[in-house]
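> Give me coordinates for this.
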Amino acid sequence: MKAILSSAAMLLFAVPLVATAQTVPTVISTSAPEIPFDGADALQLPPNMYLGEVAGVAFNPKDSHLWVFQRGATTGPAYGAAAAQMLEFDQTGKFVREIGKGLYAWSYAHNVRIDPKGNIWAIDKGSDMVIRFNPAGKVTMVFGRKPEASDEAAHPMEHPKPPLPAVDGQFRQVTDMAWDSKGNGYISDGYVNSRVAKVGPDGKWLKSWGSYGKAPGQFDTLHSIQVDAKDQVYVADRGNRRIQVFDTEGKLLKIIQINIPYSNDAQPAIGNKPVLDADGFNGPAQATQYPGAPWALCITPLVNGRQVMYVADAYPGRVYKMDMDGHVLGWFGQSGKQWKQFGWIHEIACPSENTLYVGELLNWRLQKLTLHPKS
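Numbering: from 1, shown residues only. Okay, here's the model as predicted:
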């Protein structure tokens, strides 16, 4: 396989473990085998129901049902229309119900998560809100506040650089949520704010950490977040093309980078190819489509003392299987429109090590993936 590598990147790839100026270890994977897999449609939609961009997917282990938070069933103007709908499907992919229809917070779906008690959490980037539903579909907790529609200055969220100071209890384009073993929640916030927020099981705002930038502990678009069985917090720092790992108080433990070579013939799902020059990646696609830039994270349940993490990028459109130390164990997939190809995987549900559900933005679908790792 012919790979695109600059001299600067080759120098980086030659060092599997380095230390930052703050003596934080950086784990860099430079090679891994391809994993065989199958892909198929995960859902059976009823007549006259259509998916839009599948922004979020979650698996509920209590009943093996899937939850899909999608940008469909939109109404309103061509620009700025509300695009959020929460759907439940059973273990066969059959539609069960919709919850939250007409909810005040619905604006622009970003992700859905199921907490250990079976509550359904909606993370809405457009309204800057995080909503908890109980299993019956009743709203039981609300975080953040939607901008006032009556405000004469109401307009789309701006992205000043550097961002305005963050405010406790409020978000600016929030993206994801995860929980530790004590029930504390960690919210990635997000596109405009550049921080992780920590809230208690009772909803109390506890703290936040992080700021915009490229230094260790800083962020540029926190796009996904997960917590492992050891209560380590993994943050997809997409704009900086890395995963940062923290303890529950915000101490940076390590940085993970994915530098697996890819084919010179790899095509993006949309847009131009990112350009690699002497200073690293640069060009029209910018950081969102850099190879290895993490869009989605998913950590599997603990089985026999073992967990693995799956990470998706937009270009070349692959999914990476990693151990919890940050080493890539294997990869699979590519950009495209056919089954087993991907059009911007936005989130992943991973109920087991070899079964994944991936929600795609560009292909308007949820794929069920079955991995066949070689012994």
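
> mind listing what residue 341 touches?
39, 317, 333, 334, 335 (C-beta atoms under 8 Å, 6 or more residues apart in numbering). Glycine gets a C-beta too; all of them are placed from N, C-alpha and C.

> mind listing what the first one touches?
By C-beta under 8 Å, 6+ apart, the contact set of residue 39 is 339, 340, 341, 367, 368, 369, 370.

> List the ones among the residues you listed that fall in strands.
367, 368, 369, 370 (DSSP state E).

> just to revisit the earlier point, can I get the contacts of residue 341 in CSV with pLDDT and distance to residue 218?
Shown next, in CSV, are these (pLDDT from 0 to 100; distance: C-beta to C-beta, whole Å):
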residue, pLDDT, distance to residue 218
39, 98, 36
317, 97, 27
333, 98, 30
334, 98, 31
335, 97, 29
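
> Give the PyMOL command for selecting the buried subset of the contacts of residue 39.
Under the burial definition 16 or more other C-beta atoms under 10 Å, those of the contacts of residue 39 that qualify are selected in PyMOL by:
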select buried, resi 341+367+368+369
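
> Now for the contacts of residue 39: which two are most distant?
Largest separation among the contacts of residue 39 by C-beta to C-beta: 341 and 370, giving 15.4 Å.

> For the stretch 101-250 of the chain, just list every one of the strands.
109-114, 120-124, 129-133, 139-144, 174-179, 185-189, 195-199, 205-209, 222-227, 233-237, 242-246 (DSSP state E, counting those that start in this stretch).

> thinking again about what came up before, please convert the contacts of residue 39 to JSON lines, extending it with distance to residue 142 and pLDDT.
Conversion of the contacts of residue 39 to JSON lines gives the following (distance: C-beta to C-beta, whole Å; pLDDT from 0 to 100):
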{"residue": "339", "distance to residue 142": "38", "pLDDT": "98"}
{"residue": "340", "distance to residue 142": "39", "pLDDT": "98"}
{"residue": "341", "distance to residue 142": "38", "pLDDT": "98"}
{"residue": "367", "distance to residue 142": "32", "pLDDT": "98"}
{"residue": "368", "distance to residue 142": "32", "pLDDT": "98"}
{"residue": "369", "distance to residue 142": "34", "pLDDT": "98"}
{"residue": "370", "distance to residue 142": "37", "pLDDT": "98"}
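
> any idea which of the contacts of residue 39 is closest to residue 217?
Nearest to residue 217 among the contacts of residue 39: residue 369, at 33.2 Å, using C-beta to C-beta.

> That closest one reaches residue 356, doesn't it?
Yes - counting by C-beta atoms under 8 Å, residue 356 is a contact partner of residue 369 at 4.3 Å.

> Return every residue with contacts to both of the two.
residue 319.

> Compute the distance between residue 217 and residue 211, please.
Distance, residue 217 to residue 211, by C-beta to C-beta, to the nearest Å: 8 Å.

> for residue 74, same thing?
Per C-beta to C-beta, residue 74 is found 34 Å from residue 211.

> Comparing those two, which residue is more hemmed in?
residue 211 (16 against 13; other C-beta atoms under 10 Å).

> Surely the more buried one and residue 195 touch.
Yes - between residue 211 and residue 195 there is a contact under C-beta under 8 Å: 6.7 Å.

> so what sits against both of the two?
Common neighbours of residue 211 and residue 195, using C-beta under 8 Å, 6+ apart, are residue 219.

> Am I right that residue 240 is in contact with residue 215?
No - Residue 240 lies out of contact with residue 215 (C-beta under 8 Å); the separation is 9.4 Å.

> Which residue of these two possesses the greater neighbour count?
Neighbours per residue, other C-beta under 10 Å: of residue 240 and residue 215, the larger number sits with residue 240, 23 against 11.

> gap between the more buried one and residue 233?
Look at residue 240 and residue 233: by C-beta to C-beta, they are 16 Å apart.

> so can I have a markdown table of the strands of the stretch 101-250 of the chain showing mean neighbour count and distance to residue 47?
Compiled in a markdown table, the strands of the stretch 101-250 of the chain are given as follows (neighbours: other C-beta atoms under 10 Å; distance: least, C-beta to C-beta, whole Å):
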| stretch | mean neighbour count | distance to residue 47 |
| --- | --- | --- |
| strand 109-114 | 26 | 23 |
| strand 120-124 | 28 | 25 |
| strand 129-133 | 22 | 26 |
| strand 139-144 | 17 | 29 |
| strand 174-179 | 25 | 33 |
| strand 185-189 | 27 | 37 |
| strand 195-199 | 23 | 41 |
| strand 205-209 | 15 | 45 |
| strand 222-227 | 25 | 33 |
| strand 233-237 | 26 | 37 |
| strand 242-246 | 23 | 41 |
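
> Identify whichever of these lies nearest to residue 304.
strand 222-227 (19.5 Å).
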